[in-house]
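Undergrad: coordinates only, sequence not included:
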């Protein structure tokens with residue numbers, strides 16, 4: 001099982017990062033000095049305890065600069081789904097936490113998921129922390145919120161290309177990137193005209209960016225009909241996965257991790 005990362009000394013800085021990220025996602029102007037202050041606060045040192053039997057990794061904001069002593073460092077970049085919104089206990093039942101449980105004992109797990117964050121903001125807030133962590137494995141699931149917020153596909157494509165390029169040249173880590181599920185099968189989007197065609201166009205862009213940077217696509221779109229056949233996999237809000245839904249998503253990431261890179 002992965003090591004357990006304490007949040008005791010980071011609760012205030014984590015909340016501050018989340019607060020600024022939400023405001024930025026709403027288009028509220030934030031002085032850059034304050035954003036830097038929030039980010040720098042989140043990058044302060046974190047105490048890491050030893051292995052705690054039977055308990056998965058907790059949410060974290062920063063990993064140690066060196067992965068010494070850990071067989072593998074895993075960082076999850078994402079939004080509300082990575083954070084675990086919809087799970088009974090997001091800190092321990094998000095899909096990144098479930099995926100971390102599949103990884104070698106002693107793996108250091110860092111979950112940077114921030115509810116509501118868009119790709120552009122994640123590149124500002126989450127990417128620098130990821131580079132500091134020197135990860136061996138990075139997962140990226142940042143698309144649904146951008147699509148729902150009306151971010152132009154060309155803009156998203158450029159931002160994703162920049163993010164994957166930074167991960168490739170800044171870490172050398174194995175990168176798994178999820179595409180967009182078939183949102184037409186999710187209760188919140190039922191009946192929305194053209195949603196499947198829109199999702200397909202976004203997934204073409206994600207696949208092209210992954211190929212260009214050697215990342216592995218986790219095909220949630222292709223597997224979503226099977227998942228959608230289980231209402232228990234969807235949370236009470238009709239949008240986010242449930243605790244069991246996250247377990248199923250983690251298995252898809254694990255299968256992709258076991259496949260050949262690229």
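TA: Yes, it's here. Being a predicted model, the structure only gives us computed values, none of them experimental. Numbers count the residues shown, from 1 in each chain.

Undergrad: For the rest of this, base every contact and every neighbour count on C-alpha atoms.
TA: Fine.

Undergrad: so what does whichever strand or helix holds residue 91 touch, helix or strand wise?
TA: Using DSSP states H and E, residue 91 sits within helix 90-93. Using 3 or more Cα pairs under 8 Å, 6 or more residues apart in numbering; DSSP states H and E, the elements in contact with helix 90-93 are helix 243-258.

Undergrad: So which elements touch the helix it packs on?
TA: Contacts defined by 3+ Cα pairs under 8 Å, 6+ apart place helix 243-258 against helix 90-93, helix 95-102, strand 174-178, strand 216-218, helix 220-228.

Undergrad: swap the cut-off to 6 Å and go again
TA: helix 95-102 (3 or more Cα pairs under 6 Å, 6 or more residues apart in numbering; DSSP states H and E).

Undergrad: how far off helix 243-258 does the helix it packs on point, in degrees?
TA: Using axes from the mean of the first three to the mean of the last three Cα atoms, to 10 degrees, the inter-axis angle of helix 95-102 relative to helix 243-258 is 60 degrees.

Undergrad: mind listing what's buried in helix 95-102?
TA: Neighbour-count burial for helix 95-102, with 16 or more other Cα atoms under 10 Å as criterion, is recorded at 95, 96, 97, 98, 99, 100, 101.

Undergrad: Where do the strands of the stretch 101-250 of the chain begin and end?
TA: Listed in chain order, the strands of the stretch 101-250 of the chain (DSSP state E, counting those that start in this stretch) span 108-111, 137-141, 174-178, 216-218.

Undergrad: Determine which of these approaches residue 120 most closely.
TA: Smallest distance to residue 120 across those (Cα to Cα): 12.9 Å, for strand 137-141.

Undergrad: Per-residue pLDDT of residue 144, please?
TA: If you check residue 144, the pLDDT there is 92.

Undergrad: tell me, how many neighbours does the closest residue to it other than its chain neighbours end up with?
TA: Leaving aside its sequence neighbours, residue 144 sits nearest to residue 180 (Cα to Cα, 6 or more residues apart in numbering; 6.2 Å). Applying other Cα atoms under 10 Å, we find 26 residues neighbouring residue 180.

Undergrad: same question, the one 5 residues further on
TA: Using other Cα under 10 Å, the number of residues around residue 185 comes to 17.

Undergrad: How about residue 169?
TA: Number of residues near residue 169 (other Cα under 10 Å) recorded here: 11.

Undergrad: Residue 139 versus that one, what's the distance?
TA: For residue 169, the distance to residue 139 equals 16 Å [Cα to Cα, to the nearest Å].

Undergrad: quick one: which of the strands of the stretch 101-250 of the chain is nearest residue 117?
TA: Of all the strands of the stretch 101-250 of the chain, strand 137-141 comes closest under Cα to Cα, at 11.0 Å.

Undergrad: mind listing what the closest one pairs with, with the direction of each?
TA: The pairing partners recorded for strand 137-141 under DSSP bridges are strand 73-78 (parallel), strand 174-178 (parallel).

Undergrad: contact partners of the shortest one?
TA: Contacts made with strand 174-178 from outside it, assessed by Cα atoms under 6 Å, 6 or more residues apart in numbering, are listed as 137, 138, 139, 140, 141, 215, 216, 217, 218.

Undergrad: rewinding a little: quick check: mean pLDDT of the helix holding residue 91?
TA: Averaged across helix 90-93, pLDDT comes to 90.

Undergrad: so where do the helices sit in the stretch 51-200 of the chain?
TA: Taking DSSP state H, counting those that start in this stretch to define them, one finds helices in the stretch 51-200 of the chain at 80-83, 90-93, 95-102, 119-125, 127-133, 144-148, 153-170, 195-213.
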